[in-house]
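Asker: quick one: sequence and predicted model below, then my questions.
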Amino acid sequence: MRKPELAASIADHTGLTREKASEVINAFTDQISAAAARGEDTTLIGFGTFSIRAREARDGRNPQTGASIRIPASKTVGFKAGKAFKDSFR
């Protein structure tokens, strides 16, 4: 499901217009992004947790040349599904 389809589904379910549903989705994703930028986790009980994860620096290989390269440490966003969410598709 893509964002427009999600907005349409939320609009049908809640009685909002598609435009308002799209604004809600944008506000939701903006707030999760802002929390991640501050280094905070976002937990939605029953759904899951968005968190910042640190990746250590490591050695890798250039797939085109086979040359060894150093991949620097970085941060990434992780998602861990909550129990109710996991149970919904089992």
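Answerer: Structure's in. What do you need? Residues are numbered from 1 along each chain as shown.

Asker: helix/strand/coil for T29?
Answerer: Here T29 is helix, with the state taken from DSSP: H, G, I helix; E, B strand; the rest coil.

Asker: number of nearby residues for it?
Answerer: For T29, the count of nearby residues is 11 (other C-beta atoms under 10 Å). Where you see a C-beta, it was placed from the backbone N, CA and C, and this is true even at glycine.

Asker: distance of it from T65?
Answerer: 38 Å (C-beta to C-beta, to the nearest Å).

Asker: give me the domain ranges for this structure.
Answerer: What automatic domain parsing lists as the domains of the chain is 1-40, 41-90.

Asker: would you convert those into CSV that also reports mean pLDDT?
Answerer: Output for the domains of the chain, formatted as CSV (pLDDT from 0 to 100):
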stretch, mean pLDDT
domain 1-40, 95
domain 41-90, 94
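
Asker: deepest-packed of the ones you listed, please.
Answerer: Counting by mean count of other C-beta atoms under 10 Å, domain 1-40 has the highest mean neighbour count of the domains of the chain, with a mean of 13.

Asker: measure that one end to end?
Answerer: Domain 1-40 has an end-to-end distance of 27 Å (criterion: C-alpha to C-alpha, to the nearest Å).
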